[in-house]
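# Below: sequence and its predicted model.
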2 protein chains.
Amino acid sequence: MIETALLVVIVICFIALILAAILARNLLSQDEGTPKMREVSDAIKVGAEAFIKRQYSTIAIIAIVLAVVIFAVYFLTGQQSLAMYTAFAYIVGAACSAIAGVVAMSIAVRTNIRTAAAAQHSDGKALDFSFRGGAISGLIITSMSLLGVSLTYIALGADPQTTPFVILGFGFGASFVALFAQLGGGIYTKAADVGADLVGKVEAGIPEDDVRNPAVVADLVGDNVGDCAGRGADLFESTAAENIGAMILGVALFPIFGVNGILFPLVMCALGLLASMIGILTVKGKDGADPMDAMNRGYYITAIISAVFLFFGVQWLLGSATGWMYFFYAGLVGIVLSVCFLRVTLYYTDHHYRPVKEIADASETGAATNIITGFSVGLETTAIPAILIGLSLLISYWFGSMSGIPNGGLYGTAVATVGMLMVCAYVLAMDTFGPIADNAGGIVEMSGAPEEVRKRMDSLDAAGNTTKALTKGYAIGSASLAVFLLFNAYMADIAKLTEKAFDVVNLASVPVFVGALLGAMLVFLFASFAIRAVSKTAQSVIGAVRTQFKNPAIMAGTQKPDYAEVIDITTQGALKSMVLPGILVIAFPIIIGVTMKYEALAGFLMVATITGILLALILNNAGGAWDNAKKFIESGAHGGKGSEAHKAAVVGDTLGDPFKDTAGPSLHVLIKLLATLTLVLAPLFI
Amino acid sequence: MIETALLVVIVICFIALILAAILARNLLSQDEGTPKMREVSDAIKVGAEAFIKRQYSTIAIIAIVLAVVIFAVYFLTGQQSLAMYTAFAYIVGAACSAIAGVVAMSIAVRTNIRTAAAAQHSDGKALDFSFRGGAISGLIITSMSLLGVSLTYIALGADPQTTPFVILGFGFGASFVALFAQLGGGIYTKAADVGADLVGKVEAGIPEDDVRNPAVVADLVGDNVGDCAGRGADLFESTAAENIGAMILGVALFPIFGVNGILFPLVMCALGLLASMIGILTVKGKDGADPMDAMNRGYYITAIISAVFLFFGVQWLLGSATGWMYFFYAGLVGIVLSVCFLRVTLYYTDHHYRPVKEIADASETGAATNIITGFSVGLETTAIPAILIGLSLLISYWFGSMSGIPNGGLYGTAVATVGMLMVCAYVLAMDTFGPIADNAGGIVEMSGAPEEVRKRMDSLDAAGNTTKALTKGYAIGSASLAVFLLFNAYMADIAKLTEKAFDVVNLASVPVFVGALLGAMLVFLFASFAIRAVSKTAQSVIGAVRTQFKNPAIMAGTQKPDYAEVIDITTQGALKSMVLPGILVIAFPIIIGVTMKYEALAGFLMVATITGILLALILNNAGGAWDNAKKFIESGAHGGKGSEAHKAAVVGDTLGDPFKDTAGPSLHVLIKLLATLTLVLAPLFI
């Protein structure tokens, strides 16, 4: 007999999938634009599919090796029964995560052309199409994450007290694939972007997305494989990890809530998915209006409906406790935090506010002061988010404690995390909208569409930049909360394995302190590898583009440049350079754990997480601020396009590219990977 | 009766002071060069003295307020007897730290002119003078730190079991002044440098240190107030903090070693001072030789003699334990660590190795790739140092435990710290040599000396850049170890105050985790303020210089620019912008401690320290690497001076300026300030 709660989850997921199918059918029936547009779009599709295929083949090899390792760890530590189950869950998680990435990418490469076609007539329609494209991804990814966890739970026996520990493997599989997807895609997209810009815009002085630039198709491919596939896999595993972490915490409360406490996170995410569907359907583009208005309205609607659902969900599943209202308050903390994170990110990356203006001002005195100011803005952006995360943890812990339930405090933080992740599907829709609009803009530009069409796409493209920055803020905020759950799940897991209490991670002991130091270091080292990979690959791209530019026929526009060559170079560079950092972050914690044991590893994990959150904020927000400072100058400030200030701002923007689209988002995934990795391989560390 | 050990310390300090006096007398009797040189040198002296005077007046006001706070904290928490003593120790520490800074600066502004004069005839002599100038500072500062702690210990009663807790105030006073000295000086020096370079070198295309540039004197003043006074105060408080921390740990071992265990760190530092004197005297410049050779040889001699002294010191003072040899091994770990840190820093900042070469290569494709690569190098430089620090702590802890003494492990880490700080005086000599050589180079350039004299100074200047980078590596390495002692001192202090054991800082508890998150955040926020201050002040400098350049008589060289105007702008900007971050880092931990209590504050402190160490490494080493990549290109690589690669490298170098000379070194001081602050104000947090 399947629990009612589980049934609700599964039904909502199917509704979401049906809605996604309807939206997709409708979208695919739309006009595909001029033959020239189709030509560009096809080139993007071919490039993206080729990269994804090669990328996932590489990932599959490493994934299989790791599956064997996981099996061996459990088998050799005398837990034969768990060995098969955990390895199975891992493989399912990895496969689902890969599918999530492929789905996001496939939809994006089909939506971009239709958005471009729609932009010929109406900017409202162009917004509708691109946002719907994002929504399809958001719905499919979120429901796959929920279905994946739910069905694995059922497949592995649905024992409320033991199964949550086994489906950990699912979370690890998901993070594992997400790391490589985000890292490889992130390197690809920014190497192509940096390469295209430096030679095209700066050296040759031709516009962005100019058809003569051999790197321009690779740049557009990058939006799909980096932003769409990457963030899809990222938020897929955020929901998966958070659900599993909260389920494990629910096990401790089994005597009070029974299975309801364990299934609670799944149900709430499903209800959030329902709220997101409503929110998505309210978004309607209007010609001449600011696209952000419609999307922001949809977001607030989603958040409010989520809060209502939260109330009923808590009452239904946790109502057996007299203090259940406190859990509702804790959940509200999460929803409020998600709104706050978006506002703070907006403040730091929008040109209406002080930080971006300051960077634009500093561009007047050259690239150096532009970068110094931007970097100091990036560092500054850690302050309010850290205080917000800290307050959310303290307040939701306090609410949980007020419920009067033993260990209720920790469960309060779990409910807050659940609250924050309820709006996930909507946020994903907003996020994927960005690269689709970006791509459509590229297609419009390359197909030589008239000026007015380009103008329409420009405003959509600008909105896409904003939503991309905002959703990164959301992703890191929700990751911080989710990982805090996973710490506690790790400690519960170790306690279960060692059969003695493990509730102290003593930072004052030498091994734990050293573990913590090395954890923080690993984050910086990983970011170093990610950033360097972009620089190295971009330099190969630059070499190839320069060589092609020496051909006068290409510059004159009479001969088509060899797009495939650049796509190939970028693909190879990205794949080659994703392997080392990927293996590093898997091998290093294992070494620490095996040599210094579980408590030092906990210190490692926690401080790596803290550093990872803050560094991701720095990289994402500095990058976003540089980008928008450049756009602000391009809109006419400080001398506008072509001025010295603009040249300086372009340097800052280029530096920001690997910050915000390679290293930053990869860090989101990294911190979750570290947490799920330590959980799954826990038997090694005791 | 004064202990023999204490007597040894005092006698060695007086020997060091006498040697410093002899060296100074000899140096001051040297030729002061041409009238033109004297003119420049006098301008620097006047500017530096004016800044220091205004800076220390500002610091004095904040220091007095804080003295009242300290007194009140102890008085109102019912520890009337401690109130006066702690406040007294604090004032003495602050005064000594201020004197250390003033001494370093005063000697530097007198040595630069004599070095410039010597360079007219011999580069060996120029090295001798500038290194001797540095040595005088190093000897005075180190012996003042030792004498300060020793005499305060005697003045406050010399009770081995209680006095170490009271002289904590001395350490806090020292860190407090050091923070403002380093921060204000760092902002001053880099705002002037960036401003001078951007308008002079980049916009107007005139050489560095050109006499027509109105910012050039401010730039030279900056070397003295930032590098000399700043690092002087920094290492002054490193030795003070480390000695006090180790003395407090010695209290726990009082039953075994008696007063010897408590005085051990002071004696070892004194013996290290003796070793440094010998090392200093072996440094002898040779015409045409690489100046680094002589200084490196002196360093190795100092390290080896220190190791020998270490053996006898351990035997003498800790010989009552059968396993005393293990403490000797632990001390060796510290000495070896200091050598390793220098080697690693050299690898990352010298153009003979991969990292700097990579940055120079990346300059070919412009400023953006130069910066991306340099930043990724900076991030990478955290890896080996973190592993080295971790290993040193683990190994010295293990050696200490092997001694068979209860709590010996922790004392082992204390001995390692002592070992690392034995070479401090020598390192300070090498460090202060850098800005003196830099200044002398500026004087030679501005006085219009012949080409061969400039060439001589160039090689000395390059060596100065290297030693400055190396000693920053040493400073951060020794700070990490010293702060680890202070954590344990903090825990011992809290245990004493609460009269119950405090040996667990549970990172898994919500308040401690939140404290840790906020601790890491504070470090980033502080760095943001420091970097932004440089950018803001530099922009004012740039404005003033541009206005003066509009006067054709100045550009033609027929009218002297108004140096004083730029000095005044820089002074005001630096003083104004040092106050906010300074107060922030004092107020924030107090708020955390008061609201979240001592355990959360411990988490705050430890993770702030970890983040501070790593961020300082990133900033220092990235800055050093950019600087040397530029110098490497200037030496003729990648097209040499004036090439596109050179322009790109200049942007990277400019960005690196506030990284390596403002934010980085200020972080060294910050982490010690946080540790001494929490210690002194501990009664507030229980």
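That came through fine. In this text, all values refer to a predicted model and were calculated from it rather than measured experimentally. Numbering: from 1, shown residues only, chains lettered A, B, ... in the order given.

# and residue A:34, what does it touch?
By CB atoms under 8 Å, 6 or more residues apart in numbering or on different chains, the residues touching residue A:34 are A:117, A:447, A:449. Backbone N, C-alpha and C define where each C-beta goes, glycine included.

# quick one: which of those residues is nearest to chain B?
Distance to chain B, by CB to the nearest CB, is smallest for residue A:447 among those, at 28.8 Å.

# pretty sure that closest one is touching residue A:42, no?
No - under the criterion of CB atoms under 8 Å, residue A:447 is not in contact with residue A:42, lying 11.8 Å apart.

# Give me the pLDDT value at the residue of the stretch 551-686 of chain A found nearest chain B.
Chain B sits closest to residue A:654 of the stretch 551-686 of chain A, with a gap of 3.6 Å, by CB to the nearest CB. Residue A:654 is assigned 92 on the pLDDT scale.

# need the helix or strand of chain A with the lowest average pLDDT.
For chain A, the helix or strand with the lowest mean confidence is helix A:229-252, at a mean of 84 (criterion: mean pLDDT, DSSP states H and E).

# Identify each buried residue in that one, please.
By neighbour count with 16 or more other CB atoms under 10 Å in any protein chain shown, helix A:229-252 contains the buried residues A:229-252.

# C-terminal to it, what's the next element?
helix A:254-257 (DSSP states H and E).

# Give me the distance from that next one to the chain's centre.
34 Å (CA atoms, centre = their mean, to the nearest Å).

# Next, the buried residues of it.
A:256-257.

# That helix: what's the following helix or strand?
helix A:259-282.

# Specify the angle between whatever helix or strand comes next after that following helix and helix A:229-252 in degrees.
Later in the chain than helix A:259-282, the nearest helix or strand by DSSP H and E is helix A:291-318. With axes from the mean of the first three to the mean of the last three CA atoms, to 10 degrees defining the directions, helix A:291-318 sits at 20 degrees from helix A:229-252.

# What mean pLDDT does the helix or strand following helix A:291-318 get?
With elements assigned by DSSP H and E, the helix or strand that comes after helix A:291-318 is helix A:324-349. The average pLDDT within helix A:324-349 is 94.

# near chain B at all, helix A:324-349?
No - using CB under 8 Å from any CB of the partner chain, no contact is recorded between helix A:324-349 and chain B, whose separation bottoms out at 11.7 Å.

# What residues of that helix count as buried?
For helix A:324-349, by 16+ other CB under 10 Å, it's A:324-338, A:340-342, A:344-349.

# How far does the helix or strand just after that helix sit from its chain's centre?
Where DSSP H and E defines the elements, the next helix or strand beyond helix A:324-349 is helix A:354-362. With CA atoms, centre = their mean as the basis, helix A:354-362 stands 27 Å off its chain's centre.

# buried set for helix A:354-362?
A:355-362.

# What of stretch A:22-30?
Buried residues in stretch A:22-30 (16+ other CB under 10 Å): A:23-24, A:27, A:30.

# Please work out the average pLDDT along that stretch.
94.

# what about it, distance to the chain center?
For stretch A:22-30, the distance to the chain centre is 25 Å (CA atoms, centre = their mean).

# and the angle from whichever helix in chain A runs longest to helix A:324-349?
Looking across chain A with DSSP state H, the single longest helix is helix A:563-634. Calculated by the same axes, to 10 degrees, helix A:563-634 forms an angle of 90 degrees with helix A:324-349.

# Show the subsequent helix or strand relative to helix A:563-634.
Using DSSP H and E, the helix or strand that follows helix A:563-634 in sequence is helix A:644-658.

# what about the closest residue in space to residue A:681 that isn't next to it in sequence, neighbour count?
Excluding the flanking residues, the one nearest residue A:681 by CB to CB, 6 or more residues apart in numbering or on different chains is residue A:73, at 5.7 Å. Residue A:73 has 20 neighbouring residues, counting by other CB atoms under 10 Å in any protein chain shown.

# ok, now which ones touch residue A:73?
Residue A:73 touches A:83, A:681, A:683-684, counting by CB under 8 Å, 6+ apart.
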